[in-house]
Each structure stands twice: as C-alpha cells, then as structure tokens.
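**Q** Here is the input, now give the coordinates:
(2 chains)
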Protein chains: 2
Amino acid sequence: MDVVRSRAELRRALDGRRRPLGLVPTMGWLHAGHRSLIAQAHDECGAVAVSIFVNPRQFDDPADLARYPRGEATDLRLCADAGADLVWLPSVDDVYPAGFDTSVTVERLTLPLEGAARPGHFAGVTTVVAVLFGIVRPDRAYFGEKDGQQLRVIERMARDLGMTEVVRCPTVREPDGLALSSRNVHLAADDRAAAPVLHRALLAGRAAWKAGERDASAIRDRVAAVLATERRVAVEYVSCADDVTLVELERIEGPAMLSLAARFGPTRLIDNVRLG
Amino acid sequence: MDVVRSRAELRRALDGRRRPLGLVPTMGWLHAGHRSLIAQAHDECGAVAVSIFVNPRQFDDPADLARYPRGEATDLRLCADAGADLVWLPSVDDVYPAGFDTSVTVERLTLPLEGAARPGHFAGVTTVVAVLFGIVRPDRAYFGEKDGQQLRVIERMARDLGMTEVVRCPTVREPDGLALSSRNVHLAADDRAAAPVLHRALLAGRAAWKAGERDASAIRDRVAAVLATERRVAVEYVSCADDVTLVELERIEGPAMLSLAARFGPTRLIDNVRLG
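**A** Just a heads-up that it's a prediction; the model follows:
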C-alpha cells in the first residue's frame, strides 16, 4: 500500500492504476464503518485510494475542529487490512494551494437539518469533495448512509457537475445499534450506554410506518417519545423528510428519510433510517 | 460538422472523438473573435466542440437577457467555416436538469470590477462553465482575453477544482480598435463611431506605462483623460489592478490588467489591455 502526501506524490502513485479507481474520502480516526467502505470499494474497483484529511472548512466551530480525533498509524493499518492500494494524507496547502478561491455549494438541499444546525458546514464539505474529486479523478466514490443529508448533497453536486459516480454504503452499527462515528470516542461511559436510544427511536418510527402510519407528525412523535425515555439525551431535531428533496413531510407518500440529531453532553450525534 | 441538442445526442457525438478535445463555450451571435477561438482550438486539438447557450443564470438584468442577440443559422455557418467538428445547442433543461441545485463561485477574484457592477453575474458564469466542463469533459477550453476578469475567474475555478486546461486567446479587434463583442450590434451609428475611444484610452495608459510611469493613479487618469474627449461615453470604471489578484494597485510593480467599463446609451462595453 502506497502512502503519499503531496499532490505530486499522489499523481505519481495514481499513474497506471487499474480502473475503475475507487475513492474513499475520510477525515481519519477510521472505524469499522470506514473499513466497510474500503472493503466495498476493493470488491468493486480495480484500485482503491483513501484520503485522510481533516478539512478545516467544514467545521463551523474551531473547538470542534481542535478536538476532532486523529490517529495516523492506526488509520494506516486499517486501510491496509481493508484492501486500500493507496492512502493520501495531504496537508491543508496540498488541498487548498495559495490563492485558492473557489467554493462549491448545494443550495436548497442544504437548507434544513444539518445545514440549518451547522452554518457553512456543507459548503465546506462540497468544496473539499469537489477538490478531492478533481485531484484524484476517481471513477467511483464511496460514502456511508449514516450522514444521510451529506450523502444526498454530495450525490447532487456530483450529478450536477458531471463528476464521479457516488456509491451509497449502508451504515455500520455496534451490536447495540449505535451507528459508528469518529465522534463516539468522546462519549462518557454513561452516555455511551445510553446512546443506542437513537437507533431504537428511529426503529420505532420505522415500525409505525411499516404498520401503515403515513402521518409524518405521528412518526416524528413516535421517535420523540422513545428519545424521551432517556434523560441523558438532548434532542436537536427529529425529521421525517422527502428522501430526495429533504423537505419536511406532512404525509408520507413516497420514500422518506427519518433522521435525528442529539447531544450527549458536548458530543453531537446524528443517525437516520430510510422509509421506503 | 455534427449539430446536437440533448445531452444524450452530445454523448453519442463525443464518443470516439480524437483527443485532445477542445471546447469553445459561447453564448452565440458569433463573430470573428469566436472564429479565432475555434480556429485556434482546431489548430491545437484533435477535435473541437462549440457550445452555444445563452445562460440565463449570468444575467442579473432580465431585459439584458431578453435583448441578447441570437442567430442560429449564421452561428452554425461560422462554426463550420472555422473548423468546429461539433456544435452543441442545449436547452436550459439540458444544462440544468430538474432538481439542479449546485452553485460554483470564485470569491475574492469576483469582488471588484464586473463582479461589483453585476451582482450574481460571475456565480452564473462559473456555475455554467463548471457544468459544461462536466458534461463535455474537454481537455482544453478556449476563452478570449477581452473578458479579462472572466478569463481569470474561470482559470482560477478550473485550477482549484482540477478541471480542464484553460487557454487564453488574444482579443480580436475591428480595424479601428474596437474589441469585437456580441453587444456591438446594439450600438447606434454615432456610438459605434465613437466606441474606439475605449481602446485608444487603454493604449494611452499603456503608452504611459511603457514610458516608465508606475503610479497606477496616473495611469488611470491618463485613460480617463482620453475617455473624457468623447462626450458620448459614460464611464463606469477605469481600473489598474494586479494581474493575478485583480486588487486595485497604487504602484505597478508586476504584471497588471488595465481595464474599463463604459456605456454608450443602453449598451455597456468592456475592454482591457495587459501591462507586463
């Protein structure tokens, strides 16, 4: 497995790779969710590149950026085990050279949910992903469903600008249902024990939908009721939105995304399931 | 020469073309300036595609969009004569399909000059050019130096996002010095006769620079003094800016762009020359 840092090293390392080339963009502190993205790319592509870059532009809160966990040696072992051919660890200047002045934004799709909660976040995400796609030129890029709005925003951008094919990969969960996230490491023991309530709540909402409930408020209320059984959780939002536009629904008539954001102490977690 | 309209027709027409593929993006009403872009692309590329699309997103003024001149049959003849292999005439829906939601912007470089005069204009330009690059996937794209800020903004975007190589092509002028522009057709006869003052003024500024003047205000004053000899012209700005950042200069110490915008009646014209 090649490990490269500068753009020039990357170009040399990409030269002559088998196609299709798969890219797994990450911010490091890799876990079994990333491992499954890399493994899926390894199964489907001729070569797999992993980028590890903690992108300062997508953090609205400098404290959040400072405390974002990092662990290069462990990350590299996981990449090698999962079947990566190449890991790119650029510096901020490799991604954003002097004079960098371009911003890529997705508009309507970033207004609700995480976009409303974290101003500027998605502009940072779409810009860095567009840059990574432009530098690496992958045929396919792999993203997890855990960040549901992010996945849809990146799909929209890639389709609108004729970029890479975006591949959706299922959320990987702990045995108790907690979605894997680099942020889980910050959970205190009591909060970690309580956190599976997020997924339980989403499953309760989905069960109501499966039982025939089509009133989106009733579904949201069902989720909220389960969350309310856990006093350690501070709910930010519960959403039942159109799966394509992410506009909040009254009636569920087609595919929907049921999602939530919640805090355990200072740690903010998100999760979602699809209805339909 | 193939003439295609939908994205699907375009894809078929591009298939198997010789490389490098050159793209000349235009808004139609083609003149000898476009002809020289197409001819240069023809000389340098294996195949040349011309796009003709009056992009509604880059007009801040709907009246300006409505009166933008159109003439398809003449445009196609010029493309064929100049050596185009393929002309793409998309509809608005071909460029921006239902649900299109992405915007590409260049930030600092679009603050002054045309960006200040025409809010939203450059966001429309960079977004449509990114989409055209994404759909056509040219190896090179040809733009004229007449739209000096636009050229630099597109270069910046293409470099930042790892897109197409942008090729700068010299401004084509009438024998009396007036830069060719699709907008010249709107000039009343007296205004057309007066319009060469724009280029004369820029040349006077450049002559002062060649003679050793390095005070940017003195250069701007020299340009303004020549413009003031023509009572039909209403000057919007005269700029002497850093050639890379487009920040207005006090002292000229490196390459600079000397540019202006002016109105003759309702018709707004721009022009520039490079110092250095």
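**Q** how about the residues of the stretch 1-150 of chain A that lie near chain B?
**A** Contact residues (CB under 8 Å from any CB of the partner chain) of the stretch 1-150 of chain A with chain B: A:99-109, A:126, A:130-131, A:133-135, A:137. Every residue, glycine included, has its C-beta placed from N, CA and C.
**Q** Of those residues, which count as buried by neighbour count?
**A** Taking 16 or more other CB atoms under 10 Å in any protein chain shown as the criterion, what is buried in these is A:100-106, A:109, A:126, A:130-131, A:133-135.
**Q** Adding pLDDT and secondary structure, write these out as a markdown table.
**A** Formatted as a markdown table, those follow (pLDDT from 0 to 100; DSSP: H, G, I helix; E, B strand; the rest coil):
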| residue | pLDDT | secondary structure |
| --- | --- | --- |
| A:Phe100 | 97 | coil |
| A:Asp101 | 98 | coil |
| A:Thr102 | 98 | strand |
| A:Ser103 | 98 | strand |
| A:Val104 | 98 | strand |
| A:Thr105 | 98 | strand |
| A:Val106 | 98 | strand |
| A:Leu109 | 98 | helix |
| A:Thr126 | 98 | helix |
| A:Ala130 | 98 | helix |
| A:Val131 | 97 | helix |
| A:Phe133 | 97 | helix |
| A:Gly134 | 94 | helix |
| A:Ile135 | 95 | helix |
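**Q** Show me where chain A has its strands.
**A** Counting by DSSP state E, chain A has strands at residues A:2-4, A:21-26, A:47-52, A:86-88, A:102-106, A:140-144, A:165-169, A:234-242, A:256-264, A:267-275.
**Q** Of all those, which one comes closest to A:Arg152?
**A** Closest approach to A:Arg152 among the strands of chain A (CB to CB): strand A:256-264, 7.9 Å.
**Q** Dump that closest one to PDB, restricted to CA.
**A** C-alpha atoms of strand A:256-264 as PDB (Å, rounded to 0.1, in the frame of the first residue of the first chain):
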ATOM      1  CA  ALA A 256     -38.600   9.400   3.200                       C
ATOM      2  CA  MET A 257     -35.600   9.900   5.400                       C
ATOM      3  CA  LEU A 258     -36.300   9.700   9.100                       C
ATOM      4  CA  SER A 259     -33.400  11.400  10.900                       C
ATOM      5  CA  LEU A 260     -32.300  13.000  14.100                       C
ATOM      6  CA  ALA A 261     -29.600  14.900  15.800                       C
ATOM      7  CA  ALA A 262     -29.000  14.800  19.500                       C
ATOM      8  CA  ARG A 263     -26.300  15.700  22.100                       C
ATOM      9  CA  PHE A 264     -24.900  13.600  24.900                       C
END
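**Q** partners of it, with directions?
**A** strand A:234-242 (antiparallel), strand A:267-275 (antiparallel) (DSSP bridges).
**Q** any low-confidence regions in the stretch 1-150 of chain A?
**A** Across the stretch 1-150 of chain A, not a single residue meets the criterion (pLDDT under 70).
**Q** Show me what residue of it gets nearest to chain B.
**A** Residue of the stretch 1-150 of chain A nearest chain B, by CB to the nearest CB: A:Gly134 (2.6 Å).
**Q** Might one say that that residue is in contact with B:Arg159?
**A** No. The pair A:Gly134 / B:Arg159 is not scored as a contact, 9.3 Å apart, by CB atoms under 8 Å.
**Q** Not including adjacent chain positions, what is the nearest residue to the residue of the stretch 1-150 of chain A closest to chain B?
**A** B:Gly162 (2.6 Å; CB to CB, 6 or more residues apart in numbering or on different chains).
**Q** which residues sit in contact with the one you found?
**A** A:131, A:133-135, A:137 (CB atoms under 8 Å, 6 or more residues apart in numbering or on different chains).
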